[in-house]
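Visitor: Curious how this folds, go ahead:
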Amino acid sequence: MSNPISRTFAALSLAASPVALFAGSESYAQETDRFANVEIKAEALADGVAVLFGAGGNIGVSYGPDGTVLIDDQFAPLTPKIQAAIADLGAEPVTYLINTHWHGDHSGGNENFGKAGALIMAHDHVRERMLGIQKSGRGNDPASPVAALPTVTYHDGLKLHLNGDEVQVKHMKHGHTDGDSVVFWKKANVLHMGDLFFNKVSLPYIDLSSGGNARGILAAAETALTMVDDDTKIIPGHGPMANKADLTAYRDMLLTMIGAVEKAQGGGKTVEQVQALKLAAQWDINPDAFIKGDAFVEAVYKSLQKPVHAHEQPH
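Guide: A predicted model of the protein is given here:
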């Protein structure tokens, strides 16, 4: 049987989907035409905090007298448009840049922003992966140029005390990848979840080749729910803005799917047999989704074949 995940990746590449999940910055820098009509749209979330929507991962922006903090930066050809959108907010050029993970639709602009003077920060594994050749849906992504690499890395997380707020960056282990971080503005009550959370546009993408695991995504959702309240504005990696109810529904879906796949797997069913059960049908309702039901079930199935980390205990 052909690999549903591989088929999905190929379709994404051919369709030039706005998420273009797995592209390296260099390969996409050569394809600027596909971004020519992309518009970067800004939405204010709180005083000095905004989200930018474009082509690729959603971008968080924190700005004020202490400088401008950018969370993710989409694709290299979009950097001028992103810079213009930041200027339109009344913000100074980017001072600090945090990558939620290594994928090119979230870090493709690193080289541009790094050369413009931004201090790039990310989890240790993000730098490690960007230093070498990585497998992706398009083949192999080349190692990133030096200017694109995070120069400040961390293991568990860090805090930035800027613009009258405390920005908390926390690593979530073995979720979407092995280098995911969430970013929480304590005063503004805004949480950026990166690709640990796809809101209403697709089933989750679990990058098994980058250390991702379904149980880790579930654990991240559980942890995030302890950080938010009914007033928290949640920036997903992809999709529209979300709230606690949206994240709760996402957590419940993960819990249900992992339990169902685990039960079927424990009963001796192969991955193809589990896919035939269409366990994700009630959530697999977007015909243009990045990840469809069979690909998601396969990723969950393979996740459950891997060792259980302490933070990934099934519920």
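Visitor: Scan this structure for its longest helix.
Guide: Across the chain, the longest stretch assigned as helix under DSSP state H is helix 244-266.
Visitor: Distance of the residue sitting nearest the centre point of the chain relative to Phe113?
Guide: For the chain, the residue sitting closest to the mean C-alpha position, by CA atoms, centre = their mean, is Asp195 at 2.3 Å. To Phe113, Asp195 is 19 Å away according to CB to CB, to the nearest Å. To be clear about C-beta, it is placed using only N, CA and C from the backbone, and glycine gets the same treatment.
Visitor: now the helices: where do they sit in the stretch 151-300 of the chain?
Guide: Secondary structure of the stretch 151-300 of the chain by DSSP state H, counting those that start in this stretch: the helices cover 214-227, 244-266, 271-276, 293-304.
Visitor: Ok, which of these comes nearest Gly67?
Guide: Nearest of the helices of the stretch 151-300 of the chain to Gly67, taken as CB to CB: helix 214-227 at 24.1 Å.
Visitor: List the buried residues in the closest one.
Guide: Within helix 214-227, the residues that qualify as buried are 214-221, 224, 227, counting by 16 or more other CB atoms under 10 Å.
Visitor: Please name the residues that touch the residue nearest to Gly237 when sequence neighbours are not counted.
Guide: Leaving aside its sequence neighbours, Gly237 sits nearest to Asp195 (CB to CB, 6 or more residues apart in numbering; 3.5 Å). Going by CB atoms under 8 Å, 6 or more residues apart in numbering, Asp195 touches 21, 57, 100-101, 103, 106, 176-177, 180, 205, 237-238.
Visitor: residue ranges with poor pLDDT in the stretch 1-150 of the chain?
Guide: 1-32, 135-139 (pLDDT under 70).
Visitor: ranges for the strands of it?
Guide: Under the criterion DSSP state E, counting those that start in this stretch, strands of the stretch 1-150 of the chain are mapped to 41-46, 49-53, 59-64, 67-71, 94-98, 119-123, 134-136, 139-141.
Visitor: Out of these, which gets nearest to Val261?
Guide: Among the strands of the stretch 1-150 of the chain, if distance is taken as CB to CB, the winner is strand 134-136, at 23.5 Å.
Visitor: Distance of the nearest residue to Leu162 once chain neighbours are set aside relative to His161?
Guide: Closest residue in space to Leu162, ignoring its immediate chain neighbours: Asp66 at 4.1 Å, by CB to CB, 6+ apart. Going from Asp66 to His161 by CB to CB gives 8 Å.
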